[in-house]
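>>> how would this look folded up:
(chains A and B)
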Amino acid sequence: KAGVTQTPRYLIKTRGQQVTLSCSPISGHRSVSWYQQTPGQGLQFLFEYFSETQRNKGNFPGRFSGRQFSNSRSEMNVSTLELGDSALYLCASSQGQGKSEAFFGQGTRLTVV
Amino acid sequence: EDKVVQSPLSLVVHEGDTVTLNCSYEVTNFRSLLWYKQEKKAPTFLFMLTSSGIEKKSGRLSSILDKKELFSILNITATQTGDSAVYLCAVYSPWRYGGSQGNLIFGKGTKLSVKP
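Sure, this is the predicted structure:
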């Protein structure tokens, strides 16, 4: 069974640009959650999607947005990048529906210069 | 707001030592508690605990949950340098909608360094 796939693995962008990150969950998983991880901040919750619907959204500015497609793949977009957006972005997939085991992708390392 | 608190935040031990990592929580609608190990990139799943007092064990790692006192511990015996990582505790609270926290609420992690 393939794991959670995130693309790209590494990304360098300049301030003001926008970026789109992709996450393909484990087959059969319908829930995808996104997290931002910076040194010393732990995992900061961004969004959670289930069956194409955003169920919860963390305390991030509107520059951060996401969506989920009918095949459960998810994308997140960050517009007008700032230096502080440099981080590891992780997505986790789970079956949802009250089933809790969540598995993470390898993450996308975003560097904003 | 629901919260998960891990202690200590960092720990340095020598190979062969036994360590205990702590995780306490205040979460509505608790369903399960999960432990993850994060080395370089992705956190990898270790254990899921749903019932009090039942120890989960995998090699030198073990974990137990106390739902009355709202905490869990992760024990690592005979530590090795390969155990050096950040250990994350998360509580699963399903059926949340429209909130700023997801269904999986993470602590800040315990950074374990094992010296040879």
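
>>> contacts, neighbours, all on C-alpha from now
Fine.

>>> Centre-most residue in chain B?
Closest residue to the average C-alpha location of chain B: residue B:89 at 3.1 Å, with CA atoms, centre = their mean.

>>> who's that one bridged to?
Taking DSSP bridges as the rule, residue B:89 bridges to residue B:35.

>>> shouldn't it be in contact with residue B:104?
No - using CA atoms under 8 Å, residue B:89 makes no contact with residue B:104, being 9.8 Å away.

>>> who are the neighbours in contact with the most centrally placed residue in chain A?
Nearest to the mean C-alpha position of chain A, by CA atoms, centre = their mean, lies residue A:34 at 3.3 Å. For residue A:34, the contacting residues are A:45, A:46, A:47, A:48, A:89, A:90, A:91, A:92, by CA atoms under 8 Å, 6 or more residues apart in numbering or on different chains.

>>> List the ones among the residues you listed that fall in strands.
A:45, A:46, A:47, A:48, A:89, A:90, A:91, A:92 (DSSP state E).

>>> want to throw those residues into JSON lines with distance to chain B, neighbour count and pLDDT?
Compiled in JSON lines, the ones in strands among the contacts of residue A:34 are given as follows (distance: CA to the nearest CA, whole Å; neighbours: other CA atoms under 10 Å in any protein chain shown; pLDDT from 0 to 100):
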{"residue": "A:45", "distance to chain B": "7", "neighbour count": "25", "pLDDT": "92"}
{"residue": "A:46", "distance to chain B": "8", "neighbour count": "25", "pLDDT": "95"}
{"residue": "A:47", "distance to chain B": "7", "neighbour count": "27", "pLDDT": "92"}
{"residue": "A:48", "distance to chain B": "6", "neighbour count": "32", "pLDDT": "93"}
{"residue": "A:89", "distance to chain B": "10", "neighbour count": "26", "pLDDT": "97"}
{"residue": "A:90", "distance to chain B": "7", "neighbour count": "26", "pLDDT": "96"}
{"residue": "A:91", "distance to chain B": "9", "neighbour count": "33", "pLDDT": "96"}
{"residue": "A:92", "distance to chain B": "9", "neighbour count": "28", "pLDDT": "94"}
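
>>> Which of those sits closest to residue A:74?
Nearest to residue A:74 out of the ones in strands among the contacts of residue A:34 is residue A:91 (CA to CA; 9.0 Å).
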